[in-house]
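S.K.: Just need the structure, nothing else, for what follows:
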Amino acid sequence: FTTNKRLVFINTHNGSPVIQFRNGSRNSAVKFCTIQGASTNVNQGLLQIGDASSTEANRDITFDYNLITRASGSTPRYGIHVFGTLMRESRNISISNNEVIDIYTPSSASGYIAIGDNLRILRIQNNHLYQNTAGTPGNSATYVSIIGGKGGGNSNNCDSIYITNNYIGGRARFARGQSW
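M.R.: Here you go, the predicted model:
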């Protein structure tokens, strides 16, 4: 990990992602950046690969060595949200070596990485997912580090999803510190 993440993207609007790939995005990468956002929308993450209303699928997209966190005072729902569209599945997506921290919505389902429907070849590896700030879930809230099917349901029409070597929990990288 490098602490030299000089390019910073901030979106404090609670209804939209900070960075979004859609409608046939290809051969794209977000690396060595700080991404801060506030989206509480059930269908959005701070970083998002989403629908493909064009005839092309989203493919060959990489998120690598980023710091993904909340904008000041916000409680975003998902850090990263990945999904595709039926017959135009998002494919060959890599989420690796990121720090995803302080992603938490106390009154509704939330998580660091949300896996939606219609995906082919998704790799989630070597990430650090932790909560640096205190929080108490609401009575009906579901909080999961890597969540399938937005809100804890099943992810439909997915193939070849690899989740390996991630550090989950604690209050620092490598799952260090107290539980939150």
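
S.K.: quick one: which helix or strand includes the residue in the chain sticking out farthest from the centre?
M.R.: Distance from the centre of the chain peaks at Thr55, with 24.7 Å (CA atoms, centre = their mean). According to DSSP states H and E, Thr55 maps onto no helix or strand at all.

S.K.: Mean confidence (pLDDT) on stretch 162-180, please.
M.R.: In this model, stretch 162-180 has a mean pLDDT of 88.

S.K.: for that stretch, the distance to its chain's centre please.
M.R.: 15 Å (CA atoms, centre = their mean, to the nearest Å).

S.K.: thinking again about what came up before, what pLDDT does the residue farthest from the centre of the chain get?
M.R.: Looking at Thr55, its pLDDT stands at 77.

S.K.: What part of the protein, helix or strand, is modelled with the least confidence?
M.R.: Scoring the helices and strands of the chain by mean pLDDT, DSSP states H and E places helix 149-152 at the bottom, with a mean of 52.

S.K.: Packing partners of the helix or strand that that one is followed by?
M.R.: With elements assigned by DSSP H and E, the helix or strand that comes after helix 149-152 is strand 158-164. If you count contacts as 3 or more CB pairs under 8 Å, 6 or more residues apart in numbering; DSSP states H and E, strand 158-164 packs onto strand 119-125. The C-beta positions use only the backbone N, C-alpha and C, and glycine is treated the same way.

S.K.: The same query, at a cut-off of 10 Å, please.
M.R.: strand 90-96, strand 110-115, strand 119-125, strand 143-148 (3 or more CB pairs under 10 Å, 6 or more residues apart in numbering; DSSP states H and E).

S.K.: Tell me which residues of that strand come out buried.
M.R.: 158, 161, 163 (16 or more other CB atoms under 10 Å).

S.K.: repeat for stretch 48-64
M.R.: Of all the residues in stretch 48-64, those buried under the rule 16+ other CB under 10 Å are 48-52, 57-59, 61-64.

S.K.: Out of the residues you listed, the closest to His13 would be?
M.R.: Among the buried residues of stretch 48-64, Gln48 lies closest to His13 (CB to CB), at 13.6 Å.

S.K.: Backbone dihedrals for the closest one, please?
M.R.: Phi and psi for Gln48, reported as degrees, to the nearest 10, are phi -140, psi 140.

S.K.: Identify the bridge partners of Arg120.
M.R.: When assigned by DSSP bridges, Arg120 has beta-bridge partners Arg91, Asp159.
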